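> next comes the sequence, and after it the predicted model I'd like to discuss.
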Amino acid sequence: MIPITRDTKSTCPYCGVGCGVVIESVGQHITGVRGDPDHPANFGRLCSKGQSLHLTAAEQVTRQNRLLRPQWRPARSQAPEAIGWDAAMAMASQRLADIVQRHGADAVGFYISGQLLTEDYYVFNKLAKGLLGTNNIDSNSRLCMSSAVAGYKMTLGADAPPACYDDIAHAQCLFIAGSNAAFAHPILFRRIEDAKRANPAQKMIVVDPRRTDTADMADLHLAIQPGTDVMLFHGLLHIMLAQGWTQPDYIAAHTSGFEALQARVADHTPAQVAQICGVAEADLHTAARWFAGVQDGQSQRTPTLSLYCQGLNQSSNGTAKNAALINLHLATQQIGRPGAGPLSLTGQPNAMGGREVGGMANLMSAHRDMANPQHRAEVAALWGVVDVPAKPGLTAVEMFEAAADGQIKALWIACTNPAQSMPDQTTVRRALQRAEWVVVQEAFATASTCDYADLLLPATTWGEKEGTVTNSERRITRVRAAVSAPGQARADWAIAAELGQRLARDLGRPEAAALLAYNSPESVWNEHRESTRGRDLDITGLSYAHLDSAGPSQWPLAEGAARTQPQGPQQGQARLYTDGQFPTPDGRARFAAVAWQPVAEERVSQFPFSLTTGRLRDQWHGMTRTGTAGRLFGHSPEPCVQMNPQDVVRLGLAEGDLVTVRSKRGSLVLPVQASAQLGACQAFIAMHWGPEVLCGRDAQGQPGLGVNVLTTSAYCPNSKQPELKHAAVHIGRAVALWPVLAMAWLPSDRVWRVQKQLQSLLSAFDYAHVVPFAHPNDGLTESAPRTGLLLRAASAQPVAASVLEAMEGALDLAGAHALRYEDAQRAQRRVLKLSESLAPRQRQLQGFLTAGDDRSSHWLKNLLLNQQAMAFSACQWLMATNAPPNGAATQSRQICSCLNVREDAIQACLKTAKGSDDARLSQLKSQLRCGTQCGSCVPELRRMVRNTFEPAPAD
C-alpha cells in the first residue's frame, strides 16, 4: 500500500516575516515542506532555512536531540534522570510554592520566548501576574524588539507598526536602518528586489556600519560609526528644516512637541553630523531629500518606507534611535498612506503576539499600561482576580542579575536558551548556578541552558503545535500541527496551565485553579480575543474559524467588521493612522526630543575595536534547530571573527590565523577572516556561535562560553534592551601553535550523539569548535542527507593523548581500515580511515585526524568532502603533507545553499558571460540555476557579477 502524504498549512518558526508553509507528512513523520502560495507574507517563497525545516524534524534528529520525557537532577552535578509527568509537575509546583511562601512571589522569575505561540504566551502571563501576583515575567523578545515597542509608544502612542509589506512596492524610497534584511529577513528582501526591478527609479538608502549584502544593493550606503544613529536622524531633520522639506500643515494638525525637537536638532549641522557619524555631507543632503520625498520637477511628495531592526533596537540608546527615526516620518508626513511609514522588522516569529498579550515584565494584556489603575482593573476583572500587580517586574537582564545576586530564587525558562543568547554570559551562568530551583521547558535537549536545570520538561515544537502567531505587519496566522507530539512532549500552554492549577492548590487557594482551567488552545485564544475589545488592536472579529476560512488577517479587526466587506471575507486593516488620528490622549502623535548618546563602551586604547554581532544567512539564533541540518553550514561552515583587511595586515595576521578577542567580561579565540564589509577598527562575530558549538578554554582556564561572553549587559533605560550590537574589544594574535583537525562521515542515527561526545572534549583546548557538514552534492531538501562532523582545535601545548584517543573513538577512526602515523617526540599524529576497496587499489577517505602538523588537513578535508576514489598507497596517504599524493579537487566556497553552486563554478561561468550586469546574472541563473529557488544568494551573486568584468570582444 502506497503511503498517503498529507498536507497541513502552518507557518515557519524562524523570523518575523511570518511565512506560510505547507507541511508534508506521512503518518507521524514530517517528510517535506514547501511555501504556501496562498499566504500573503510569502506567496509560496521560502528561504534556505524554511526549505530545510523537514530535515530538522527528521526521525533521527528527534531521537538524538529532542527532550522526549521529563527529567530531574537529584543534585546539580548529576546527570538527569527520567521522571513521570505527574511526579515532575508535583515537584515543580511544591518547590515553587515553598519559595513563594518563604520569600514572596517576586522571588520567582519566568523567562519565556518570542518563539512561543500567542496562546502559550497568554497562559504564562496569566499564571505569573494573575495567579502568583508577580510581574517577573519577561521574554527573549526583550533582546529583540523592546526598543521598537518603546519607540512606537513614545511617538505614536501604541505598539502598533503602522505600515505593511505591500508598502514596499508602493514606496519611492526605502530607508533601511540597522537591518541586514538580506540575511535576517530573506523573503521580505525578495519583495525589495521585486520592487526595485519593477520600479528602477525607486531609491534605497541603507544605514549600517557594515557594507552588508543589503547595503551592497543600496543606491546610498551611509556607513555610520556604531551607535551614531540618533545623531544621523537629527542631522537629516536639521537639513529638512533648512531646506523647507518638512510638512508644517501636517505637523500643526496632527502632532505635538515639534518645537522642542526643533530646538534639539538646531545644532546638528551637516558638518558636525558628518564628522561624528563618519559620512560625507553630500550624502546627508541626498538622504534627507530622498527621505522627504522631494523629487526634481515634482510638487507632490513621493512616499518613503523605513525598515529597521536590531541595529536600532539592540542598543543602550535604542528607544531614542527608534523615536528619532519616527520623528522623520512625522515631520515629512511619511505615514498613513501607501508606501509610507515606519515598519519595524520583528526578529522572532511571534514577538508581536507576545507583545499583544502583555507577556513582558512592563506590559499588560492588549496594549494596556501597567501604571494605569483602570487598565489593571480591566485585566483583573477579565481574569477574575482581585487585582494585578502595579510594580513593573524585572526585565531579562535585571532578572538574571537578580538571580546572580540571590534575590530571584527560582527561574522557569521556556523555549529559550539564555546560556547562549543573553549578554555577559559570566553573570548568566552565575545566576543559573545560584538559583535554588531552575526549570527548563524545552523541545531540544541540546540547548546549553538544559545543563543547569533541576527539572527538564519536554515541550512540543514546529509541526506539532496548535495556535496562532502574529508577524511584523500585524498579520495573525493559524499554526497547525501536522504530527502528534513525539515521546511525552506536551504543548507549552498546557504545561503552564497545569502548573498554575497545581500551584493554586499548593498555595492553599484551590478556588484559583479555575483561572487556568483551559481545555484547548482555542479556549485560550477566545479569552485573549475578548481582552482586546475596544483596544487599538481589537481582534474581536477574529476567530479560529475566521482565520481558517478568510486566511491570515491583520489587526485591528473588530467584531462586525468582517461583515462590512462587500468583496468577501475581511482580512483586517493594512495601514494605521490614515486619518491622522493617533492613540494618545489628545489624538496627536508626539515628537520625541531625544538626545544622542554614544555607545555604552567606547573604544579606548586597551579595547580599540568595535565588535558587533549579527546573523548568518542560513542560521537561526543558537542553532538548536538549524544546527541539525548539516547543509545549512555550507555557506558559513565555521566560526570566525571578521576584520577590515587593513587591520588584519596592520596586526601582522594572515587569513585563518588564530586571534584572541577580549572584552572587559571575557575572551575567546577564533580564526580571523578579512572582510571588506567592515570599516577600520571594527569586527564582526556571528551571534549563533554559542558554547554548544564554540568552546575551548578562556584566559582563566575555564570552559569558553561562546560569543556572548564578550557582549555587554548595558541596556537602554527606557526599553531595558541590552546593547548586543556593540562591545569594545581587544584583538591580538593567539598563542595556540599546536593544531588539531578531525573530520568524519557518520551514520545518521549516531551523528548528533557523537557531536555531544565531542563537545565534552572542547574545553581541553585553548580554541575549539565542532560543527556538522553535509555531502556537497546533496540538495538542500534531500530527505536523508549524508552528514559528518568537523572538529577544529588548537592549544599552546599538546593535549593529553587520552583526549585525542577519545576523539578518534567518537569518530570511529579505528579498525582494520584505519592508517596511523605517530611521532611522540614532535607530538604529531595522523589517522586516516578508508573505505573498503571499490576496485583494486581504489578507496575513499571516510575520516581523518591530524594533530601537531596541519599541513595535510586542507587537502584531506577536500578529499573527504568530494568522496573521490584515490589510488591507494598507505605510505603516500599517510606521509604526504603539503600536497596530496595523486592530486585532489579543491572544494571552493558554497554560494547557493539550495542547489550547492560553488564559487569556482560561478567564476568560470562569468568568464564567458556577456552583457550588462543584469544580463550576466540572468546567464548565471540559467546555466547554473543558482539564485532560482529561495533567492538568498542573489545579493552575493550580484556582487560577484559586479566585481567580474565583462570579457572584451575578440578582435
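Cool, the structure landed. Residues are numbered from 1 along each chain as shown.
> got a list of what Q115 touches?
With contacts defined as C-beta atoms under 8 Å, 6 or more residues apart in numbering, Q115 is in contact with P13, Q348, P349, N350, C415, T416. Yep, even glycine has a C-beta here, placed from its N, CA and C like the rest.
> mind doing that once more with 10 Å?
Neighbour list for Q115: 13-14, 139-141, 348-351, 354, 414-416, 443, 461-462, 469, 492, 620-621, 625 [criterion: C-beta atoms under 10 Å, 6 or more residues apart in numbering].
> can you tell me how far it is from W555?
Relative to W555, Q115 is positioned 20 Å away (C-beta to C-beta, to the nearest Å).
> could I get the full set of helices for the stretch 1-150 of the chain?
Along the stretch 1-150 of the chain, the segments classed as helices by DSSP state H, counting those that start in this stretch run 48-51, 53-56, 59-65, 85-103, 118-125, 146-155.
> which strands and helices lie in contact with the fifth one?
In other words, helix 118-125. Judged by 3 or more C-beta pairs under 10 Å, 6 or more residues apart in numbering; DSSP states H and E, the packing partners of helix 118-125 are strand 108-112, strand 137-139, helix 351-356, strand 410-414, strand 467-470, strand 475-479, helix 492-506, helix 521-531.
> cool, and the fourth one?
In terms of contacts (3+ C-beta pairs under 10 Å, 6+ apart), helix 85-103 is packed against strand 71-72, strand 108-112, strand 410-414, strand 437-442, strand 455-458, helix 492-506.
> let's see that with 7 Å instead.
In this structure, helix 85-103 packs against strand 108-112, strand 437-442, strand 455-458, helix 492-506, with contacts taken as 3 or more C-beta pairs under 7 Å, 6 or more residues apart in numbering; DSSP states H and E.
> what residue lies at the spatial centre of the chain?
Per C-alpha atoms, centre = their mean, the C-alpha nearest to the average position across the chain is that of H621, at 4.0 Å.
> that residue: which element?
Using DSSP states H and E, H621 sits within no helix or strand.
> where's it relative to Q348, distance?
The spacing between H621 and Q348, counted by C-beta to C-beta, is 8 Å.
> any residues in contact with both of those two?
By C-beta atoms under 7 Å, 6 or more residues apart in numbering, H621 and Q348 have no common neighbours.
> report the mean per-residue pLDDT for stretch 19-34.
Here stretch 19-34 scores 97 as its mean pLDDT.
> go on, stretch 614-633?
95.
> related to what we said a few turns ago, out of the helices of the stretch 1-150 of the chain, deepest packed?
Sort those by mean neighbour count, taking mean count of other C-beta atoms under 10 Å, and helix 118-125 sits at the top with a mean of 30.
> quick one: that one to strand 437-442, angle?
Angular relation of helix 118-125 and strand 437-442 on a 0 to 180 degree scale: 170 degrees, by axes from the mean of the first three to the mean of the last three C-alpha atoms, to 10 degrees.
> related to what we said a few turns ago, for the helices and strands packed on helix 85-103, which one sits closest to H726?
Of all these, it is strand 108-112 that lies closest to H726, at 23.6 Å by C-beta to C-beta.
> report the buried residues of that closest one.
Neighbour counts using 16 or more other C-beta atoms under 10 Å place V108, G109, F110, Y111, I112 of strand 108-112 among the buried residues.
> would you check that the first one makes contact with L96?
Yes - with contact taken as C-beta atoms under 7 Å, V108 and L96 are classed as touching, separated by 6.2 Å.
> which residues do those two both contact?
In contact with both V108 and L96: A410, using C-beta under 7 Å, 6+ apart.
> in space, what's closest to E398 - neighbours in sequence excluded?
By the measure of C-beta to C-beta, 6 or more residues apart in numbering, the closest residue to E398 outside its immediate chain neighbours is K720, 6.9 Å from it.
> wasn't the one you found part of a strand?
No - K720: not assigned to a strand; according to DSSP: H, G, I helix; E, B strand; the rest coil it is coil.
> which residues are in contact with it?
Contacts of K720 (C-beta under 7 Å, 6+ apart): R142, S146, T395, V397, E398.
> quick one: which of those residues is most hemmed in?
Using other C-beta atoms under 10 Å as the neighbour criterion, S146 leads these with 32 neighbours.
> give me the pLDDT value at that one.
Note on S146: pLDDT of 97.
> does it touch P722 like I think?
No - S146 lies out of contact with P722 (C-beta under 7 Å); the separation is 9.6 Å.
> any low-confidence regions in this protein?
1, 297, 562-569, 781, 838-841, 870-875, 877, 882-890, 950-955 (pLDDT under 70).
> for stretch 503-523, buried residues please.
The neighbour-count check on stretch 503-523 (16+ other C-beta under 10 Å) flags L503, A504, D506, L507, A512, A513, L515, L516, Y518, P521, E522 as buried.
> closest one of those residues to I176?
The shortest gap between I176 and any of these belongs to P521, at 35.7 Å (C-beta to C-beta).
> what's near enough to touch that closest one?
E119, E466, G467, W493.
> top of those by neighbour count?
The member of those that has the most neighbours, counting by other C-beta under 10 Å, is E119 with 32 neighbours.
> how about the helices and strands packed on helix 85-103 in JSON lines, adding distance to C934?
Shown next, in JSON lines, are the helices and strands packed on helix 85-103 (distance: least, C-beta to C-beta, whole Å):
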{"stretch": "strand 108-112", "distance to C934": "30"}
{"stretch": "strand 437-442", "distance to C934": "28"}
{"stretch": "strand 455-458", "distance to C934": "31"}
{"stretch": "helix 492-506", "distance to C934": "29"}
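> what sits against R478?
In this structure, R478 makes contact with T468, Y544, L547, D548, judged by C-beta under 7 Å, 6+ apart.
> my bad, should have said D506
Contact analysis of D506 by C-beta under 7 Å, 6+ apart lists S93, Q94, A97.
> the last one and Q243, how far apart?
I take that to be A97. Distance, A97 to Q243, by C-beta to C-beta: 65 Å.
> with the second one instead?
Using C-beta to C-beta, one obtains 68 Å as the distance from Q94 to Q243.
> returning to that earlier point: quick check: which of the helices and strands packed on helix 85-103 is nearest to F848?
Of all these, strand 437-442 sits nearest to F848, with 34.9 Å by C-beta to C-beta.
> got the angle between that closest one and helix 492-506?
150 degrees.
> quick one: strand 437-442 to strand 410-414, angle?
Here the directions of strand 437-442 and strand 410-414 differ by 0 degrees (the same axes, to 10 degrees).
> who's in contact with strand 437-442?
Residues contacting strand 437-442 (C-beta under 7 Å, 6+ apart): 67, 92, 95, 99, 409-415, 432, 449-450, 452-457, 459, 492, 495.
> then stretch 99-109?
Contacts of stretch 99-109 (C-beta under 7 Å, 6+ apart): 96, 132-134, 136, 394, 399, 403, 408-411, 436-437, 507.
> switch to 6 Å and redo it
Stretch 99-109 is contacted from outside by L132, G133, T134, N136, M399, I408, K409, A410, L411, using C-beta atoms under 6 Å, 6 or more residues apart in numbering.
> widest-spaced pair of those residues?
With C-beta to C-beta as the measure, no two of the contacts of stretch 99-109 lie farther apart than G133 and L411, at 17.7 Å.
> the two: which is more packed in?
L411 (28 against 16).
> contacts only, for the more buried one.
Contacts of L411 by C-beta under 6 Å, 6+ apart are G109, A403, A435, V438.
> change it to 10 Å
L411 sits next to 108-111, 136, 399-400, 402-403, 418, 431-432, 434-440, 449, 452-454 when contact means C-beta under 10 Å, 6+ apart.
> before we move on, what about V294?
With contact set as C-beta under 10 Å, 6+ apart, V294 has these partners: M240, Q243, G244, W245, A288, R301, T302, T332.
> wait, G696 touches H769, no?
Yes - the pair G696 / H769 is scored as a contact, 7.8 Å apart, by C-beta atoms under 10 Å.
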